[in-house]
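# Here is a sequence with its predicted model. Questions after.
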There are 2 protein chains.
Amino acid sequence: MTRVCVAGAGSIGSLLAAHLARVTDVSVLTRRADHAQALRRDGLRVSGRSEFVAHVTASDDPSALPPADLVILACKGTDLDALASRLRGQFEGATVMTVQNGIGNEEVLAGYVERVIRGTTFPAGKIVEPGHVQWDVKGDTTLGPFEPSPAPFTDIERLADACTRAGMPTHAVADARGPQWRKVIFNAATNPVGALTGLTHGRVCERPDLRALVSGLVSEGKAVAAAQGIVLDADPEDLVDHAAKPEVGYNHKASMLQDVEAGRPTEIDYLNGGIVRFGREQGVATPLNEAIWALVKGVEQSWQQ
Amino acid sequence: MTRVCVAGAGSIGSLLAAHLARVTDVSVLTRRADHAQALRRDGLRVSGRSEFVAHVTASDDPSALPPADLVILACKGTDLDALASRLRGQFEGATVMTVQNGIGNEEVLAGYVERVIRGTTFPAGKIVEPGHVQWDVKGDTTLGPFEPSPAPFTDIERLADACTRAGMPTHAVADARGPQWRKVIFNAATNPVGALTGLTHGRVCERPDLRALVSGLVSEGKAVAAAQGIVLDADPEDLVDHAAKPEVGYNHKASMLQDVEAGRPTEIDYLNGGIVRFGREQGVATPLNEAIWALVKGVEQSWQQ
């Protein structure tokens, strides 16, 4: 693994690109030309949890980028299909890694490429301006093979090692579904409740009725994970309570609430929608996740009225 | 039954007051002084499904109204406790009738008066201006005794007969819970789904995922009714489909959606909240109604942020 291309220069893509550029050659595919220009001219600046400037190649045109052995698709789940289609034929033989929230992303990607890494990453930040990402929350990243179209495990280990050396602690594991399901169960139980009510995470957790709904959603997600033999690496219930603390995320507006307020498509199909689809495959009923999925899809549809 | 007082001059209160004033003496308690003044000066005009002007006594001060044998409390469920408290001691010995949406209203009222009529009414209209109500939708009214604090059945029959003669078809029945539960199950399954998504009733029913949620809510309501031995006089599922027709209510914004858009407290506690409470008493699980109840309470709370 010597040449990395990060497709998508949002906060996670930028954090990964900047760190990996400390240890290897990194190119960045941006959506906008001026963003690529800023990266080429000034480098990619990280502030907050770490402070440095990384040098990267950048373009808004995939064909203008150098060849890569590893491609990290760092877009939102809602854009994944379009991005993978746009990159088709561009990085023949490359290993491709997901970092999207939710589940079902690897399945989409496997329609386009042969070697897929299932990535789940907990760090969080925001883009301050083109070429400058602020790193707000530290956290681990876990990588593993996507079983139906697996990347070679030695490649995964090499990538995890590179990320860790670069300053983002990353583990290579044979079964990376545990962290992925822990994260999706947490997100699916909290994000849409904030989005449907307009409440911050802390306010949601203060109401016993809404906190009980969150627990109901968590329980269904755990049952679907258990039916697949997935061992969660932590209890999502603990994450819910931890995130509600004043010093953590009491005043945090869920990203889905931010999407709804801005009238942007949400990630609901990969969160509650993903849990429902995997539940159906396993014969596990998920009525609450189904209800929440339907309600958020209805909200999205109301913008078309 | 010779002297009626209608407390609350919204659309249903006004329709009942105007019709009953054709066959007996009717006084109206309004919230605002100018509304009472318009009623005293110009009478109460009905247009739409019927056209006439009725003469009524009116005041915004309960102590200024003549004595009454029957009091109809025609406020929203959210205002019932305050209104009943305000009228305490005003109509000693009178029979009191509910017309609120939902369930649990009679229980509140029985804390204040001894003889309660359980009323469920399907007609609908709107106030055009003070003193003028437009009658949009015809429908039956059903009256019966509230079992723990029952009004004498002969009084109920006499009132039903008066309403029918006055132009509003009304039935007196020994068990009026059937129509009441049919209506609450319908309202609880459709109103909050519109309120949470922003969709009209027709758009809700066009989406298979939301229509399935509506059916799930209906099923729980039916189970709670059945556990109490209540026989529904029609299937709420049929009402849902009927109301979605273009010539009926395809473009109708549920009243709860109108409440949410205006930032007004909703009737959720008497709709889904009522089904949950009666379900708990009967040992019937109502997880979807519980989820919807919590979400709408969360929306109401978000206005306090």
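Nice, thanks for sending it over.
# Quick check: phi and psi at the residue of the stretch 1-150 of chain A found nearest chain B.
The stretch 1-150 of chain A approaches chain B most closely through residue A:104 (16.6 Å), counting by Cβ to the nearest Cβ. All C-beta spots, glycine's among them, are computed from the backbone N, C-alpha and C. The phi/psi pair for residue A:104 (degrees, to the nearest 10) reads phi 100, psi -10.
# what about it, neighbour count?
19 (other Cβ atoms under 10 Å in any protein chain shown).
# Spatially nearest residue to it (excluding sequence neighbours)?
Spatial nearest neighbour of residue A:104, chain neighbours left out: residue A:274 (4.5 Å); criterion: Cβ to Cβ, 6 or more residues apart in numbering or on different chains.
# quick one: whichever strand or helix holds residue A:193 to helix B:177-197, angle?
Assessed by DSSP states H and E, residue A:193 sits inside helix A:177-197. Following axes from the mean of the first three to the mean of the last three Cα atoms, to 10 degrees, one obtains 110 degrees for the angle between helix A:177-197 and helix B:177-197.
# Just the mean pLDDT for helix A:177-197, thanks.
If you average the pLDDT over helix A:177-197, you get 97.
# Off-centre distance for that helix?
12 Å (Cα atoms, centre = their mean, to the nearest Å).
# Return stretch A:269-276 as PDB; C-alpha atoms alone will do.
Output in PDB follows, covering the C-alpha atoms of stretch A:269-276 (Å, rounded to 0.1, in the frame of the first residue of the first chain):
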ATOM      1  CA  ASP A 269     -31.800   4.000   4.300                       C
ATOM      2  CA  TYR A 270     -28.400   2.900   5.700                       C
ATOM      3  CA  LEU A 271     -29.300   3.300   9.400                       C
ATOM      4  CA  ASN A 272     -32.800   2.100  10.300                       C
ATOM      5  CA  GLY A 273     -33.400   0.900   6.700                       C
ATOM      6  CA  GLY A 274     -30.300  -1.200   6.900                       C
ATOM      7  CA  ILE A 275     -31.400  -2.800  10.200                       C
ATOM      8  CA  VAL A 276     -34.800  -3.600   8.800                       C
END
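# which residues are contacting it?
Outside stretch A:269-276, the residues within contact range by Cβ atoms under 8 Å, 6 or more residues apart in numbering or on different chains are A:77-78, A:100-105, A:184-185, A:187-188, A:191-192, A:217, A:220-221, A:224, A:256, A:286, A:289-290, A:292-293, A:296.
# what's the helix or strand for the most centrally placed residue in chain A?
Centroid check for chain A by Cα atoms, centre = their mean gives residue A:100 as the closest residue, at 2.7 Å. Assigned by DSSP H and E, residue A:100 belongs to neither a helix nor a strand.
# Please give me every residue in contact with it.
Residues near residue A:100 by Cβ under 8 Å, 6+ apart: A:73, A:75-77, A:80, A:267, A:270.
# switch the cut-off to 6 Å
Taking Cβ atoms under 6 Å, 6 or more residues apart in numbering or on different chains, we find residue A:100 in contact with residue A:77.
# Look up the pLDDT of it for me, please.
In this model, residue A:100 is scored at 92, pLDDT.
# so how far is residue A:256 from it?
Residue A:100 sits 14 Å away from residue A:256, going by Cβ to Cβ, to the nearest Å.
# What of residue A:200?
Taken as Cβ to Cβ, the span from residue A:200 to residue A:256 is 12 Å.
# Looking at those two, which one has more neighbours?
residue A:256 (25 against 20).
# Okay, and the more buried one sits in which element?
helix A:255-262.
# Residue A:105 touches residue A:99, doesn't it?
No: counting by Cβ atoms under 6 Å, residue A:99 is not a contact partner of residue A:105; they are 8.7 Å apart.
# Among these two, which residue is more densely surrounded?
A count of neighbours by other Cβ under 10 Å puts residue A:105 above the other of residue A:105 and residue A:99, at 27 against 24.
# who's in contact with the closest residue to that one other than its chain neighbours?
Of all residues not flanking residue A:105 in the chain, residue A:98 sits nearest, at 4.7 Å (Cβ to Cβ, 6+ apart). By Cβ under 6 Å, 6+ apart, the residues touching residue A:98 are A:105-106, A:119.
# ok, residue A:98 to residue A:273 distance?
In this view, residue A:98 and residue A:273 are 16 Å apart by Cβ to Cβ.
# Residue A:191 too?
From residue A:191 across to residue A:273, the span is 12 Å (Cβ to Cβ).
# May I see the buried residues of stretch A:72-90?
A:72-80, A:83-84, A:87, A:90 (16 or more other Cβ atoms under 10 Å in any protein chain shown).
# now, which of these lie within strands?
Cross-referencing those against strands under DSSP state E gives A:72-73.
# okay, who's weakest in the buried residues of stretch A:72-90 by pLDDT?
residue A:90 (84).
# Quick check: closest non-adjacent residue to that one.
The shortest distance from residue A:90 to any non-neighbouring residue, by Cβ to Cβ, 6+ apart, is to residue A:62 (4.7 Å).
# Spit out the contact partners of the one you found.
Residue A:62 sits in contact with A:29, A:87, A:90, where contact means Cβ under 6 Å, 6+ apart.
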